[in-house]
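S.K.: Following is a predicted model, sequence given first.
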Amino acid sequence: MTEHQTAEQQHAGRAEQPEPFYRFLLEQAGEAMVVLQQGRAVYWNPAYAELLRCPASVLRHLDPLACVVPEARPRVHEYWQQRLRGEAGPPPCEAALQTPDGRRLALELRLYPCRVQGEAAMLLVLRDVTAYRRTLEALQAAKEYTENLIHSSLDIIVSVDRQRRITEFNRAAEQAFGYGKAEVLGKPVDLLYADAATAARIGEELARGGRFCGEVRNRRKDGSTFVSYLSASLLRDRQGRVVGVMGIARDITAQKEAEAALSQAHQQMAQLLAAIPSILIGLDAELRVTWWNAAAEQTFNLPAAAVVGKPLAACPLAWDGERLAQALARCGRTRQPVRVDDVRFRRPDGKEGFLGITLTPMAGSGGESLGLLLLGADITERKLLQSQLAQAQKLEAIGQLAAGIAHEINTPTQYVGDNLRFLRDAFADLLTLLDAYQESGCGERQQELEALAARLDLPYLRQEIPVALEQALDGVERVATIVRAMKDFSHPGVEEKTPIDLNKALESTVTVARNEWKYVAELVLDLDPDLPLVPCLPGELNQVFLNIVVNAAHAIADVVGDGSQGKGTIRVSTHRDGDWVEVRISDTGTGIPEAIRERIFDPFFTTKEVGKGTGQGLAIAHDVVVKKHGGHLTFETEVGKGTTFIVRLPVGETT
């Protein structure tokens, strides 16, 4: 028997019961019930009155079936007829009912034939399913909304049941994998993975933590593969039991290819920047280091890892930070490139050098500041070469001038000397003749001549004229010696090594420098007469000796002042030491303090006051002796006693 048949029999039986019992059942029922007889209500329970919200006078004459909305009346009428015919099969009928107060209710109607006081009647049971229907409609709307979201999503969405069979496969999944939804529903999800290891890895992660996030290689229907980023989570029912897995994925093949291309571009750019010999430092808008190339690492002896991400001002850089800070501020303020030359810094070998730096602002497409680019180079060698070139050009010009002057002076000096010697010899002859005249007597003019001789002070002239002539000849010889020294010192235009007499070169040098030392020092020459000729660049080597002698004179002047209270001593000596010739130039000056001894040969290093020294003399001397002649330039010093510079040059064939 069906549920409806059973209810019908129960109600038919109850209709034969006494009226009090029947009334009791109606009033205790929780559902709205009304007994209809000939289209009018003969009895109803409180739930019915509450449902319709009408007074008894209205309910008595109200046919609830007449309140059914027009579109549902045919269905209700058919149900009514079935029940009148005694058909027990049809299920309850649902219809919308318009109440007298204007409400629209969704009701479930059940009709049961019965008898009241022996006459046929119909028991109508009404169940308010409005909230239920609204819930169903909301659920249906939510389901449709969810399905629309799933199928309109650009991300791949796939769900599987506990047996790993596919239960959902949205349009994005169809496009990505090339399968239609009907082709994969109920199929194992493994067919979407490129290999079994991927499926096993996902399963292990889900079993361990209930979630998987990561890159996955997938296989399409045509066998090709692609990379996706998958986020998968376990699905659970209300009791917390696992019912499946939901996965959301995005095809990142293009992204991976773009990342690979970008990575390759970055790598190529990094290699390019690393190969640039110039210093390249990138700074962001807050002047933090973003890039530090290999040249910067080598120049400052700092690896990129030690400075990237730090403010430039906080990096341990031994340079003129104040000048750089001013330049950075100016570049940031004007948004124009700024050039800074001759920035002092300490090189990795501990010596001082110079940097040339260009600061260039960087801007984004919208004009916003992205930071600054610092491009620099160690210009120490260039400055030294420029200095040496200027010095060489100056020396060449001086040499050419000195050679010309020497040539011009030499000719008049020669005939002045010749004439003085002639006068000396002639005066000697005249004195002989005069003596002969005096001895022979001159008769009547003897007294007159003696008076003239007394008036001219002849004895004085006899004595002083030869002395004057000798002094004049000595002066001319001195001029000739200086002219020869200038000529020997200059050597203009000599670009190849040539064997020279170092003793003669030193004599010429001290002669040329005489004005520097003659007031403060006595100069002692101790030259080895057996010294061999040495292959040299004469002009440049003479400059080395001159720089050392002048420095010696200045060092002595710092001790003796103007020399009025005593002079110091400069001693120049030469000797042979095997295959080497050694020149030692000593002074009795102040000596070199220990703190600066390592920097003596550094370019542009000087302890002299501004305007008196450039710091290039000893640097050039070291370069000439060591690099150009393959020799050694060292020194011995003691503070308060003096310094000896030692020049060692190889004795060999001219190259």
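M.R.: Looks like it came in fine.
S.K.: Where does the closest residue to Leu458 other than its chain neighbours sit, in terms of helix or strand?
M.R.: Taking C-beta to C-beta, 6 or more residues apart in numbering as the measure, Leu458 lies nearest to Leu434, with 8.0 Å between them; neighbours along the chain are not counted. No exception for glycine: its C-beta is placed from N, CA and C like everyone else's. Using DSSP states H and E, the secondary-structure element containing Leu434 is helix 380-440.
S.K.: Which of the residues in stretch 94-106 are classified as buried?
M.R.: Applying a neighbour-count criterion of 16 or more other C-beta atoms under 10 Å, one finds 94-97, 105-106 buried in stretch 94-106.
S.K.: from those, which is closest to Glu477?
M.R.: Nearest to Glu477, judged by C-beta to C-beta, of the buried residues of stretch 94-106 is Ala106 at 141.8 Å.
S.K.: Return the set of residues that bridge with the closest residue in space to Leu51 that isn't next to it in sequence.
M.R.: Nearest non-adjacent residue to Leu51, counting by C-beta to C-beta, 6+ apart: Ala32, 4.3 Å away. When bridges are taken as DSSP bridges, the partners of Ala32 come out as Leu126.
S.K.: can you list the weak-confidence ranges in the stretch 251-400 of the chain?
M.R.: Across the stretch 251-400 of the chain, the stretches falling below the confidence threshold (pLDDT under 70) are 273, 349, 387-400.
S.K.: What about the residue nearest to Leu51, how many residues nearby?
M.R.: By the criterion of other C-beta atoms under 10 Å, Ala32 has 21 neighbours.
S.K.: Tell me which residues touch it, please.
M.R.: By C-beta atoms under 8 Å, 6 or more residues apart in numbering, Ala32 lies in contact with 44-45, 47-48, 50-52, 125-128.
S.K.: Among those, which are located in strands?
M.R.: Counting by DSSP state E, the part of the contacts of Ala32 found in strands is 44, 125-128.
S.K.: Could I get the full set of helices for the stretch 501-650 of the chain?
M.R.: When assigned using DSSP state H, counting those that start in this stretch, the helices of the stretch 501-650 of the chain occupy the ranges 502-512, 514-517, 538-560, 617-622.
S.K.: Would you mark the buried spots in stretch 110-123?
M.R.: Neighbour-count burial for stretch 110-123 flags 110-114, 116, 121-123 (criterion: 16+ other C-beta under 10 Å).
S.K.: Could I get the average pLDDT for that stretch?
M.R.: Throughout stretch 110-123, pLDDT has a mean value of 83.
S.K.: ok, and what's touching the host helix or strand of Glu204?
M.R.: Per DSSP H and E, Glu204 falls inside helix 196-209. Identification of contacts with helix 196-209 by C-beta under 8 Å, 6+ apart yields 189-190, 193, 211-212, 214, 216-217, 230, 232, 234, 245.
S.K.: just the CA coordinates of that helix, formatted as CSV?
M.R.: The C-alpha coordinates for helix 196-209 follow below in CSV (Å, rounded to 0.1, in the frame of the first residue of the first chain):
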residue,chain,number,x,y,z
ALA,A,196,52.6,9.3,-13.1
ALA,A,197,55.1,11.0,-10.8
THR,A,198,53.2,14.3,-11.0
ALA,A,199,49.9,12.5,-10.0
ALA,A,200,51.7,10.8,-7.1
ARG,A,201,53.2,14.0,-5.9
ILE,A,202,49.9,15.8,-5.8
GLY,A,203,48.3,12.9,-4.0
GLU,A,204,51.0,12.8,-1.4
GLU,A,205,50.6,16.6,-0.7
LEU,A,206,46.8,16.3,-0.4
ALA,A,207,47.1,13.3,1.9
ARG,A,208,49.6,15.1,4.1
GLY,A,209,48.1,18.6,4.4
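S.K.: by contact count, what packs against the very next helix or strand once past that helix?
M.R.: Beyond helix 196-209 on the C-terminal side, the first helix or strand identified by DSSP H and E is strand 211-219. Strand 211-219 makes packing contacts with helix 196-209, strand 225-236 when contacts are defined by 3 or more C-beta pairs under 8 Å, 6 or more residues apart in numbering; DSSP states H and E.
S.K.: tell me the most buried of those?
M.R.: strand 225-236 (a mean of 17; mean count of other C-beta atoms under 10 Å).
S.K.: what packs against that one?
M.R.: Strand 225-236 packs on helix 196-209, strand 211-219, strand 242-251, helix 253-275, going by 3+ C-beta pairs under 8 Å, 6+ apart.
S.K.: Redo those as JSON lines? Include distance to Asn503.
M.R.: Converted to JSON lines, the helices and strands packed on strand 225-236 look like this (distance: least, C-beta to C-beta, whole Å):
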{"stretch": "helix 196-209", "distance to Asn503": "89"}
{"stretch": "strand 211-219", "distance to Asn503": "84"}
{"stretch": "strand 242-251", "distance to Asn503": "89"}
{"stretch": "helix 253-275", "distance to Asn503": "52"}
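S.K.: Which of the helices and strands packed on strand 211-219 sits closest to Glu496?
M.R.: Once C-beta to C-beta is applied to those, the stretch that comes out nearest is strand 225-236, at 70.1 Å.
S.K.: Just checking: what are the partner strands of the closest one?
M.R.: With DSSP bridges as the test, strand 225-236 is paired with strand 211-219 (antiparallel), strand 242-251 (antiparallel).
S.K.: Dump it to PDB, restricted to CA.
M.R.: Below are the C-alpha coordinates for strand 225-236, written out as PDB (Å, rounded to 0.1, in the frame of the first residue of the first chain):
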ATOM      1  CA  THR A 225      52.300  19.200 -22.700                       C
ATOM      2  CA  PHE A 226      52.000  22.500 -21.000                       C
ATOM      3  CA  VAL A 227      52.800  23.900 -17.500                       C
ATOM      4  CA  SER A 228      50.100  25.100 -15.200                       C
ATOM      5  CA  TYR A 229      50.000  26.400 -11.600                       C
ATOM      6  CA  LEU A 230      47.600  24.200  -9.700                       C
ATOM      7  CA  SER A 231      45.800  24.900  -6.400                       C
ATOM      8  CA  ALA A 232      43.900  21.800  -5.200                       C
ATOM      9  CA  SER A 233      42.000  21.200  -2.000                       C
ATOM     10  CA  LEU A 234      40.000  18.300  -0.500                       C
ATOM     11  CA  LEU A 235      36.200  18.600  -0.600                       C
ATOM     12  CA  ARG A 236      34.400  17.500   2.500                       C
END
